[in-house]
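In: how would this look folded up:
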Amino acid sequence: MKYEELNSLYQLPFFELIQKARQVHDENWTENEIQLCTLLSIKTGGCSEDCSYCSQSAKNSSGIQIERLMEKEAVMERATAARASGSTRFCMGAAWKGVRAGTKRFEQVKDIIESVSELGMEVCVTLGELGADEAVELKDAGVTAYNHNVDTSREHYPNIVTTHTYDDRLNTIRHAQNAGMSICCGGILGLGENAEDRLKMIETISEFNPQPESVPINSLMPMPGTPLADSSTVDIFDVVRMIAIARIACPKAKVRLSAGRTCMSEEGQAMCFFAGANSIFYGDKLLTAENPAIKQDMDLIDKLDLKAQQPNPSMAAPQADCDKELSPCSPCKG
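Out: Sure, this is the predicted structure:
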């Protein structure tokens, strides 16, 4: 969807907007299901990037303990526990600029992915920048989805990150899609952006052809020692509006209520689910930030008469629409 369309929706009265979003949700997601995802940091801290929101950047004075790549046995223990607790997607994140084929750590990561994929869960990774060759190898190793957020608008992005460009991010997304992986791509609210930046971020994401398989909407959790440490909490009504906009713009994508849920009441989360969110990160931690406890999440899901979505590790990636103008992210496969 183009910015002008998104802005017209954004200007609607609150209840009219979420009513429209709910209608789109019900047309595309007929079951009252929530996807439960667990996110594990398999390599923490010491990243060479300068993302101003991130405690894992070596350029920020967050004091976070740097940890090397986890041993496969430790990752498998966490993945097995995640499966036992009801998670259907296991997401692994590593704090580095990117991975390169032929390196020892890339081979180690692929070995971990191959083992996790045997557990019957969907496998998602976020490993920074990808080249075309690396993307193919990850797909072959068993990756279901690759997470690479655009974070914010193209115009605001240089205020947040300077060690890579917006186009670098789009290139990684293109490589992952070309390799046949699904894309998990969203953004972060609360980076000092305005409403126009938020809508332009959704415009970018919705114009991908094919659209992402999932769209995480994060609310900044200000981390000590980062340039955004003193940022204000994102207003819950702003979060609900952006969930609704994302649902309308990407009707067939899972819209994931991601970072920031610890700052939301159950009522606020329920509004997000009504507006179109149908996926959450679930477990004790979200990379280096706290996440609501498992029992608390399950109690809320039960109160709302929702149920956990079943895993689909063999799901096909969304296909490009050959009748639409192609985005720079993926060629037509028709």
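In: only C-alpha atoms from now on, for both contacts and neighbour counts.
Out: Fine.
In: I'd say Thr80 and Ser117 touch.
Out: No - counting by CA atoms under 8 Å, Thr80 sits too far from Ser117 to count as a contact (11.0 Å).
In: neighbour count: those two, which is higher?
Out: Each of Thr80 and Ser117 has its neighbours counted (other CA atoms under 10 Å); Ser117 has more, 21 against 15.
In: buried ones in stretch 252-263?
Out: Across stretch 252-263, burial judged by 16 or more other CA atoms under 10 Å covers 252-261, 263.
In: next, the distance between the ends of that stretch.
Out: 27 Å (CA to CA, to the nearest Å).
In: so what's the gap between that stretch and the chain middle?
Out: Relative to its parent chain, stretch 252-263 has a centroid offset of 8 Å by CA atoms, centre = their mean, to the nearest Å.
In: ok, stretch 3-22 next?
Out: 22 Å.
In: which other residues reach that stretch?
Out: 196, 199-200, 203, 240-241, 244-245, 247-249, 274-276 (CA atoms under 8 Å, 6 or more residues apart in numbering).
In: buried residues, it. List them.
Out: For stretch 3-22, by 16+ other CA under 10 Å, it's 3, 6-7, 9-10, 17-18, 20-22.
In: and the spatially closest residue to Cys185 that is not a sequence neighbour, how far from Thr172?
Out: In space, and not counting its chain neighbours, Cys185 is closest to Asn149: 4.4 Å by CA to CA, 6 or more residues apart in numbering. Separation of Asn149 from Thr172 (CA to CA): 10 Å.
In: swap in Thr80?
Out: Distance from Thr80 to Thr172, by CA to CA: 29 Å.
In: list the contacts of His156.
Out: His156 makes contacts with 193, 197, as judged by CA under 8 Å, 6+ apart.
In: and Phe281, by the same measure?
Out: 36-39, 256-259, 291.
In: list phi and psi for it.
Out: Per-residue torsions, Phe281: phi -90, psi 140 (degrees, to the nearest 10).
In: once you drop chain neighbours, what's closest to it?
Out: Among residues not flanking Phe281 along the chain, Cys37 sits closest, at 4.7 Å (CA to CA, 6+ apart).
In: one more: Val143?
Out: Val123 (5.1 Å).
In: isn't that neighbour right up against Asn147?
Out: No - the criterion here is CA under 8 Å, and Val123 misses it with Asn147 at 10.6 Å.
In: and Ile280, helix, strand or coil?
Out: At Ile280 the chain is in strand, as set by DSSP: H, G, I helix; E, B strand; the rest coil.
In: quick check: it vs Leu69, distance?
Out: 25 Å.
In: elements contacting the helix or strand where Ile42 lies?
Out: Using DSSP states H and E, Ile42 sits in strand 33-43. Applying 3 or more CA pairs under 8 Å, 6 or more residues apart in numbering; DSSP states H and E, one finds that strand 33-43 makes contact with strand 89-94, strand 279-281, strand 285-286, strand 307-308.
In: make JSON lines out of these and add distance to Pro224.
Out: What follows is the helices and strands packed on strand 33-43, written out as JSON lines (distance: least, CA to CA, whole Å):
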{"stretch": "strand 89-94", "distance to Pro224": "20"}
{"stretch": "strand 279-281", "distance to Pro224": "22"}
{"stretch": "strand 285-286", "distance to Pro224": "16"}
{"stretch": "strand 307-308", "distance to Pro224": "34"}
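In: want to try CSV for the ones you listed, with distance to Gly102 and mean pLDDT as columns?
Out: Shown next, in CSV, are those (distance: least, CA to CA, whole Å; pLDDT from 0 to 100):
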stretch, distance to Gly102, mean pLDDT
strand 89-94, 17, 87
strand 279-281, 32, 89
strand 285-286, 29, 46
strand 307-308, 38, 86
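In: wait, Ser87 touches Arg78, no?
Out: No - between Ser87 and Arg78 there is no contact under CA under 8 Å: 11.2 Å.
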